[in-house]
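Student: how does the following fold in three dimensions:
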Amino acid sequence: MAHTRQVTYQGFRRDDGLWDIEGHLRDAKPFAFDLPGERTLAVDEPIHEMFIRVTVNEQLVVQAIEVAMDSVPHSECPPAQVPMQWMVGCSMTSGWRKAIDAHMGKAQGCTHLRELLFNMATAAFQTITSNFGQTQQDTPPPHLGRCMSWGFESPLVERLYPMFFKWQPKKPPTSTAP
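Tutor: Below you'll find the model as predicted:
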């Protein structure tokens with residue numbers, strides 16, 4: 001084995017009705033590792049040890065973000081926590097990854113924090129299951145159409161959400177203005 005990356009997510013309901021989704025990323029090597037020009041890491045010493053807590057409401061809109069970078073390979077890494085605050089107000093539903101790229105893409109943020117943040121939406125969906133059972137008659141729940149099992153043509157959707165089986169979004173009316 002040359003490298004271990006551990007990623008975990010946990011979701012919690014808060015007393016104030018909001019939800020905390022927590023992510024943890026840890027990278028380590030099973031041997032001493034040189035960071036050229038910086039330092040040597042001991043066996044299994046974390047190269048990256050990062051935590052994110054995203055607080056969302058029932059609609060999966062980000063209310064707050066907390067970040068901790070307990071271990072980073074370079075002294076230039078910690079300022080990458082600042083752009084995480086630009087995600088407050090973003091929705092973890094459709095467009096989540098685009099919002100992450102827009103606010104923290106490329107040199108605007110940290111690759112590892114972005115990667116951890118990408119999948120926090122999935123953890124939020126798994127945590128806040130109450131949103132899945134409640135749907136408007138003409139709007140499918142946000143998890144439909146996101147994977148093979150929940151595809152609009154799948155037997156699962158036909159069985160559990162027959163009103164959205166073979167669903168197509170309504171097309172906007174075409175303009176007939178002169």
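Student: which ones are touching Phe164?
Tutor: By Cβ atoms under 8 Å, 6 or more residues apart in numbering, the contact list for Phe164 reads 140, 144, 152, 157. Placement of C-beta: from N, CA and C, glycine included.
Student: so what's the residue nearest to the last one when sequence neighbours are not counted scoring on pLDDT?
Tutor: It stands for Val157. Among residues not flanking Val157 along the chain, Phe165 sits closest, at 5.3 Å (Cβ to Cβ, 6 or more residues apart in numbering). pLDDT for Phe165: 90.
Student: kindly report the same for Val67.
Tutor: For Val67, the predicted pLDDT is 97.
Student: could you list the domains of this structure?
Tutor: Residue ranges for each domain of the chain read 4-130, 136-178, as given by automatic domain parsing.
Student: with respect to burial, which of the ones you listed scores highest?
Tutor: domain 4-130 (a mean of 16; mean count of other Cβ atoms under 10 Å).
Student: tell me the secondary structure at Ser75.
Tutor: coil (DSSP: H, G, I helix; E, B strand; the rest coil).
Student: repeat for the one 10 residues further on
Tutor: Judged by three-state DSSP, the three-state class of Gln85 is helix.
Student: thought it was touching Gln63?
Tutor: No: contact criterion Cβ atoms under 8 Å: Gln85 and Gln63 do not qualify, at 11.8 Å.
Student: by mean pLDDT, flag the weakest helix or strand of this protein.
Tutor: helix 130-133 (a mean of 54; mean pLDDT, DSSP states H and E).
Student: quick check: next helix or strand after it?
Tutor: Scanning forward in sequence from helix 130-133 by DSSP states H and E, the next helix or strand is helix 155-160.
Student: got the CA positions of that next one in CSV?
Tutor: This file holds the C-alpha atoms of helix 155-160, laid out as CSV (Å, rounded to 0.1, in the frame of the first residue of the first chain):
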residue,chain,number,x,y,z
PRO,A,155,-38.9,0.5,-12.3
LEU,A,156,-38.2,2.1,-8.9
VAL,A,157,-39.7,5.4,-10.0
GLU,A,158,-42.6,3.7,-11.6
ARG,A,159,-43.3,1.8,-8.4
LEU,A,160,-42.7,4.6,-5.8
